[in-house]
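Participant: Test case, fold it:
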Amino acid sequence: MATMKMNSKRLALSVVLTVTASQVVAADCVPAHTFETLTPHVLTVAAWSFPPYSIPGAGTKLSGVDGEIIKRIAEKECLTIKTTALDPAAVIQSVVAKRADVGIGDWYRTAERNKILGLTAPIYLDVMGIISKDGVTKVADLEGKRVGTVQGYLWVPDLQKVFGDNLVLYPNPVAMAQDLASNRLDAGADSYAVAIAAQQKGGFSGYTITVSEPDSRVKASLEPGQTAFAYTKGNAALGEALSADIDAMHKSGEIKKILKSFGLSEDASEVGTPRLVE
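Facilitator: Next up is the predicted model:
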């Protein structure tokens with residue numbers, strides 16, 4: 001998620017947990033591409049906990065949409081994975097500082113981020129969802145109501161213009177969900193996938209989560225953000241390999257299947273022409 005995802009998906013003190021993936025690379029494995037990584041034969045991945053996209057777990061576990069995609073890429077490239085679990089801002093800094101080869105976790109392709117990082121080919125779209133008791137699908141139907149959203153998403157500046165003082169910003173989805181449950185908000189705007197994942201775990205009871213209909217005042221509802229993996233900008237060969245593998249997974253339908261396996265719409269894989277959010 002987010003424009004800021006590092007200007008961005010939420011700034012916090014970094015807490016580090018390092019785990020190493022358990023997959024065994026066959027001796028006769030032939031990588032699909034040739035490139036260097038920080039540690040030979042190892043892809044070092046910086047991740048933060050952001051279900052359903054990025055789910056670094058205990059021990060050797062790594063899951064989520066991004067996690068499953070990067071694991072399959074590692075298999076194609078005959079690499080084992082070493083995962084470092086961090087807070088969101090630290091993920092980007094880890095890649096910039098060359099402590100990780102790749103950063104995962106629903107990162108938008110933005111012009112600002114592209115100045116300091118390499119960004120892969122688009123992986124999926126992150127669409128805006130509306131959380132309400134009566135299934136609202138239009139931004140216009142929320143005018144005059146108290147609406148919550150989370151800092152860092154692409155739609156925040158536009159929603160501030162539309163709702164003014166009726167828009168309440170939260171540091172994370174959990175805080176917003178608490179105010180929704182306490183009826184301090186009439187509705188919420190969040191990543192559709194993140195909201196669905198929370199509901200699947202018992203959150204947003206009694207609420208309906210819908211994809212926002214296009215509204216000319218909210219650019220993110222017209223053109224959802226494309227997401228990517230972030231990689232060390234100087235490692236062009238790595239970026240080309242990651243992008244080629246992502247494109248191959250689009251063509252094979254693997255990304256659609258992974259999205260579906262997490263309860264998300266396969267349509268999110270229809271990313272269109274690569275673009276950067278200005």
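
Participant: make it CA atoms for all contacts and neighbour counts henceforth
Facilitator: Will do.

Participant: Look up how far residue 148 lies from the closest residue to residue 159 other than its chain neighbours.
Facilitator: Leaving aside its sequence neighbours, residue 159 sits nearest to residue 218 (C-alpha to C-alpha, 6 or more residues apart in numbering; 6.7 Å). Computed with C-alpha to C-alpha, to the nearest Å, the distance linking residue 218 and residue 148 is 15 Å.

Participant: How about residue 214?
Facilitator: From residue 214 to residue 148 the distance is 19 Å (C-alpha to C-alpha).

Participant: ok, those two, which is more surrounded?
Facilitator: Using other C-alpha atoms under 10 Å, the more surrounded residue of residue 214 and residue 148 is residue 148, with 27 against 17.

Participant: The more buried one and residue 188 touch, don't they?
Facilitator: Yes. Using C-alpha atoms under 8 Å, residue 148 is in contact with residue 188, at 4.6 Å.

Participant: re earlier: the residue nearest to residue 159 against residue 154, yeah?
Facilitator: No. Counting by C-alpha under 8 Å, residue 218 stays clear of residue 154, with 9.2 Å between them.

Participant: More neighbours: which of those two?
Facilitator: residue 154 (25 against 21).

Participant: and the closest residue to residue 247 other than its chain neighbours, which of the three is it?
Facilitator: Once flanking residues are discounted, residue 247 sits nearest to residue 121: 7.2 Å by C-alpha to C-alpha, 6+ apart. The three-state assignment at residue 121 reads coil, by DSSP: H, G, I helix; E, B strand; the rest coil.

Participant: can you tell me which residues contact residue 121?
Facilitator: Residues in contact with residue 121 (C-alpha atoms under 8 Å, 6 or more residues apart in numbering) are 228, 242, 243, 244, 246, 247, 274.

Participant: Which strand or helix spans residue 194?
Facilitator: If you go by DSSP states H and E, residue 194 is part of helix 192-200.

Participant: could you say what helices and strands that helix packs with?
Facilitator: strand 128-132, strand 208-211 (3 or more C-alpha pairs under 8 Å, 6 or more residues apart in numbering; DSSP states H and E).

Participant: Point me to the helix or strand that includes residue 44.
Facilitator: strand 42-47.

Participant: quick one on the thing from earlier: any residues in contact with both of residue 148 and residue 188?
Facilitator: By C-alpha under 8 Å, 6+ apart, the residues touching both residue 148 and residue 188 are residue 176.

Participant: ok, residue 220 touching residue 156?
Facilitator: No. Residue 220 sits out of contact with residue 156 when judged by C-alpha under 8 Å, with a separation of 9.2 Å.

Participant: Show me where the stretch 1-150 of the chain has its strands.
Facilitator: Using DSSP state E, counting those that start in this stretch, the strands of the stretch 1-150 of the chain run over 17-20, 42-47, 55-56, 62-63, 80-85, 102-108, 118-119, 125-126, 128-132, 147-150.

Participant: So what are the sheet partners of the longest one and their directions?
Facilitator: If I follow you right, that is strand 102-108. Strand 102-108 pairs in its sheet with strand 42-47 (parallel), strand 225-231 (antiparallel), by DSSP bridges.
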